[in-house]
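1. what's the 3D shape of this:
(chains A and B)
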Protein chains: 2
Amino acid sequence: MFRAELEKIVSYEAGKPIELVARDYGVAASDVVKLASNENPFGASEKVRAKLAAIVNQTHRYPDDSYFALKAAIANKYNMNSKNIIIGSGSDQIFEFISHVILERGDIVLQNKIDFAMYAIYTAQAGGETLRAESEIHDLNEFEKLLAKDPKIIYLCTPANPLGNAMDRDEIYKFLPKVNQNSLVVIDAAYMEFAAYKDAKKHIEPRDVTEKFPNVIYTGTFSKAYGLGGMRVGYGIANEKIIKELHKMRAPFNITTLSLAAAIEAIGDQEFVQKTITHNFAEMEKYEKFARDRKIKYIESYTNFITFFFDRQNEASEIAQKLLKNGMIVRDLKSYGLNAIRVTIGLEAENAKFMKLFDEARR
Amino acid sequence: MFRAELEKIVSYEAGKPIELVARDYGVAASDVVKLASNENPFGASEKVRAKLAAIVNQTHRYPDDSYFALKAAIANKYNMNSKNIIIGSGSDQIFEFISHVILERGDIVLQNKIDFAMYAIYTAQAGGETLRAESEIHDLNEFEKLLAKDPKIIYLCTPANPLGNAMDRDEIYKFLPKVNQNSLVVIDAAYMEFAAYKDAKKHIEPRDVTEKFPNVIYTGTFSKAYGLGGMRVGYGIANEKIIKELHKMRAPFNITTLSLAAAIEAIGDQEFVQKTITHNFAEMEKYEKFARDRKIKYIESYTNFITFFFDRQNEASEIAQKLLKNGMIVRDLKSYGLNAIRVTIGLEAENAKFMKLFDEARR
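-> Numbers count the residues shown, from 1 in each chain, chains lettered A, B, ... in the order given. Here you go, the predicted structure:
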């Protein structure tokens, strides 16, 4: 009954939710700390919470399916037009649309060796083949060589997940003209707010890149800096022709009425975003010092997480497991082929707790 | 750059949202009545509202992607196992999964002539071809003849949208054994709570039908009787093998954290559902009498809407337009090829207002 080519699809492994860890390890839910899914430790802004509280009686109403007000707000922020914007259930869903509007069976999709796991899953769903660059950190020279394989979609994740590094804008701008105009380049900028704050050289503006390169789509999300991971709102920005085509894959009401209102409120509260980011990098410094003091390898991170690498075989998984038993959830990157853990920068007390439990786990 | 076969896709026309009508026609938003999208006029239950109000600080948390508690509640209600259940962003998304796991280019999908518009859109997205029965009301004898065309998916919408009729269970049970075991039959039961209340002969239990027929999937939704249309939660119930395959198309976190909590709360409040349904049919009687008194044709409805048919060319569209100018939103069924309007059963005052404005519009 089913398409044979789907056999190879392995589902995405999500960060363990707090309830599950509480249930499985007998830790009180209130004692569980989750630093596994790059969620904003402040939650959503007060303005978002107040808005949501005011509309809990609107659950029966389908949202305005044109997403008029949200698109206008995003367009305004990025100095674009609403026609250049598509809304997804997370930027994730934009990748899904892209796979399905472009890929024919066997088409090649180029991505980095270590990259957001959903790219390959969406590629497989649409019958495409994933081609991975060999280097762990994006190496656009290698990508350039691989253009000879005629990839129809090229994913550039910057800053990168789950490694945390970011490419220089200039590096990307040098690469883009070499790409065939019939191939779509996806700049997955889920963590761009963090990178742009830390280093202007990493900052990519959707308008610049999509105007210069008509075969580029920039994707962003409300899940990270805006604290709306659980509300599932992301967006794609590109020229009108691409956006129009992607809309053919969008089902009506692909975000909820409450999510729509929350995102509109969130984008209007840039003060909250700034607070999130400054806190993030202040705490990040503690993690970096912590790692240096213990000679743990890490990559400089332009995101809201830091990834620690280990030498002894299986050490990352062992540590992650010990932490879990103590109610501390981090992401073991074993499924990415790495002996590493990814830790979301949390609240001050959460980070201190991580460091204490981490030291105990390694004793 | 894009798949050529997608050219024929025409996007879904959603019911106009209240804000849009207020904006376009200069009616105060508080005066606009929307009876266009079969939304529950009571909104969500008090329990759901209280739950949502209590968790507006959880927007940053991704939901438990296993949907453990929600699946358990649905399984319990239907006397099934959690392994028989998949959660979608509306039952809509279940149809999307189905299209993508089954259809190869050119595969045939059988549906009724007048049917939920998204079936054909998902079919086209996945490269399939829609074959429509000729009769307006489901005629399973005609469907049986069309089985010779080897459809890979067969949609049975009961009660039907946008017509409102429902098939007898026995009729469906007689049809199902005739279907090839490699074809999937989808029983879209979005309005089943209403039909089951009105007439036991229309009532289909997921357990009965999926146990007797391993190639059947039953889909349900929280959008109608439960008052959660804007929260986007639906489900599919089938044997484990089908559910496992559909999960390959499901992206992680396909419903929001707030939607998950709302649905769990809603399924626990069957009293609210009963209140919704009894109110619905009490008000439905007023609509039926209204139509009979004016010799307006309608089909007996087993749902939360009623569809009025007209004889004079374009009359339905003209009435819908006049109503709109007065802030009354109903659904013109022109895009379905019908000279008809579909009216959602609203609150008592809303229904009275509709009847008044309708009479004025026809004067």
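2. In stretch A:47-62, which residues are buried?
-> A:48-49, A:51-52, A:55-62 (16 or more other Cβ atoms under 10 Å in any protein chain shown). Bear in mind the C-beta positions are built from the backbone N, C-alpha and C, glycine included.
3. Adding pLDDT, secondary structure and distance to A:Arg169, write those out as CSV.
-> Formatted as CSV, those follow (pLDDT from 0 to 100; DSSP: H, G, I helix; E, B strand; the rest coil; distance: Cβ to Cβ, whole Å):
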residue, pLDDT, secondary structure, distance to A:Arg169
A:Val48, 98, helix, 30
A:Arg49, 98, helix, 35
A:Lys51, 98, helix, 34
A:Leu52, 98, helix, 36
A:Ile55, 97, coil, 39
A:Val56, 97, helix, 42
A:Asn57, 96, helix, 45
A:Gln58, 96, helix, 41
A:Thr59, 97, coil, 42
A:His60, 97, coil, 45
A:Arg61, 96, coil, 41
A:Tyr62, 95, coil, 39
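4. Could you pull up the mean pLDDT of stretch A:212-225?
-> Mean pLDDT, stretch A:212-225: 98.
5. Next, see if the helix or strand of chain A with the lowest mean pLDDT gets close to chain B.
-> Between all helices and strands in chain A, the lowest mean by mean pLDDT, DSSP states H and E belongs to helix A:18-25, at a mean of 86. Yes. Applying Cβ under 8 Å from any Cβ of the partner chain, one finds helix A:18-25 touching chain B at A:18-20.
6. same question, stretch A:337-355
-> No. Applying Cβ under 8 Å from any Cβ, one finds stretch A:337-355 out of contact with chain B, separated by at least 10.6 Å.
7. Could you work out the end-to-end span of that stretch for me?
-> Stretch A:337-355 stretches 24 Å from its first residue to its last (Cα to Cα, to the nearest Å).
8. Identify all contacting residues around it.
-> By Cβ atoms under 8 Å, 6 or more residues apart in numbering or on different chains, the surrounding residues in contact with stretch A:337-355 are A:33-39, A:41-42, A:114, A:162, A:164, A:280, A:283-284, A:286-287, A:290, A:304-311, A:313-317, A:319-320, A:323, A:328, A:330-333.
9. And that stretch, what's buried?
-> Residues of stretch A:337-355 classed as buried by neighbour count (16+ other Cβ under 10 Å): A:338-346, A:350-351, A:353-355.
10. Give me the subset of those residues lying in helices.
-> A:350-351, A:353-355 (DSSP state H).
11. rewinding a little: of the contacts of stretch A:337-355, which are in range of chain B?
-> A:34, A:37, A:39, A:41-42.
12. Go through those and flag which are in strands.
-> Those of those mapping onto strands are A:Lys34, per DSSP state E.
13. in chain A, which spans are helices?
-> Using DSSP H, helices in chain A cover A:18-25, A:46-54, A:68-78, A:91-102, A:118-125, A:140-146, A:169-175, A:192-198, A:206-212, A:240-247, A:257-267, A:270-293, A:315-325, A:348-362.
14. and B:Glu136, which of these is closest to it?
-> Comparing the helices of chain A against B:Glu136 with Cβ to Cβ, the closest turns out to be helix A:240-247 (29.8 Å).
15. Looking at the closest one now, give me its mean pLDDT.
-> For helix A:240-247, the mean per-residue pLDDT is 96.
16. Now the closest residue to chain B within the stretch 101-250 of chain A. Nearest residue, chain neighbours left out?
-> At 3.1 Å from chain B, A:Gly230 is the closest residue in the stretch 101-250 of chain A, using Cβ to the nearest Cβ. Nearest residue to A:Gly230, sequence neighbours excluded (Cβ to Cβ, 6 or more residues apart in numbering or on different chains): B:Thr257, at 3.1 Å.
17. Let me see the contact set for the one you found.
-> Counted by Cβ under 8 Å, 6+ apart, B:Thr257 has contacts A:230-231, B:55, B:58-59, B:61-63.
18. of all the residues you listed, which comes closest to A:Asp168?
-> B:Tyr62 (30.7 Å).
19. Over to that closest one: give its phi and psi.
-> Here is the backbone geometry of B:Tyr62 (degrees, to the nearest 10): phi -60, psi 150.
20. Same check on A:Ala160?
-> According to degrees, to the nearest 10, A:Ala160 has phi -90, psi 140.
21. wait, what's in contact with it?
-> A:Ala160 sits in contact with A:112, A:114-115, A:137-138, A:166-167, where contact means Cβ under 8 Å, 6+ apart.
22. what about the residue nearest to A:Ile319 when sequence neighbours are not counted, neighbour count?
-> Nearest residue to A:Ile319, sequence neighbours excluded (Cβ to Cβ, 6+ apart): A:Ala361, at 5.0 Å. For A:Ala361, the count of nearby residues is 18 (other Cβ atoms under 10 Å in any protein chain shown).
23. A:Ala361 against A:Lys325, yeah?
-> No. The criterion here is Cβ atoms under 8 Å, and A:Ala361 misses it with A:Lys325 at 9.1 Å.
24. what sits in contact with each of these two?
-> By Cβ under 8 Å, 6+ apart, A:Ala361 and A:Lys325 have no common neighbours.
25. Okay, buried residues for stretch A:107-126 please.
-> Buried-residue list, stretch A:107-126, by 16+ other Cβ under 10 Å: A:107-112, A:114-126.
26. Over to it now: how far is its first residue from its last?
-> 9 Å.
27. pLDDT of that stretch, averaged?
-> Mean pLDDT, computed over stretch A:107-126, is 95.
28. Ramachandran angles for the residue positioned nearest the centre of chain A?
-> Of all residues in chain A, the one closest to the mean position by Cα atoms, centre = their mean is A:Ala190, 4.4 Å from it. In this entry, A:Ala190 is assigned phi and psi values of phi -60, psi -30 (degrees, to the nearest 10).
29. The residue nearest to it when sequence neighbours are not counted pairs with what?
-> Leaving aside its chain neighbours, A:Ala190 sits nearest to A:Thr221 (4.7 Å; criterion: Cβ to Cβ, 6+ apart). Under DSSP bridges, the beta-bridge partners of A:Thr221 are A:Gly234.
30. now A:Thr221: how far from A:Glu271?
-> Per Cβ to Cβ, to the nearest Å, A:Thr221 is found 19 Å from A:Glu271.
31. Which one's more surrounded, those two?
-> Ranked by neighbour count (other Cβ under 10 Å), A:Thr221 and A:Glu271 place A:Thr221 first, with 25 against 10.
32. Same list, the residues of helix A:18-25 next to chain B, but as TSV with distance to A:Ala75 and neighbour count please.
-> Listed next are these as TSV, based on distance: Cβ to Cβ, whole Å; neighbours: other Cβ atoms under 10 Å in any protein chain shown:
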residue	distance to A:Ala75	neighbour count
A:Ile18	36	20
A:Glu19	38	15
A:Leu20	39	17
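33. Among these, which one lies nearest to A:Lys77?
-> Lowest distance from A:Lys77 to the residues of helix A:18-25 next to chain B (Cβ to Cβ) belongs to A:Ile18, with 31.9 Å.
34. For the closest one, give me its contacts.
-> A:Ile18 touches A:29, A:32, A:34, A:329, B:61, counting by Cβ under 8 Å, 6+ apart.
35. now do A:Gly164
-> A:Gly164 touches A:299-303, A:305-307, A:342, counting by Cβ under 8 Å, 6+ apart.
36. hmm, which of those residues are the buried ones?
-> If we count by 16+ other Cβ under 10 Å, those have these buried: A:299, A:301-303, A:305-307, A:342.
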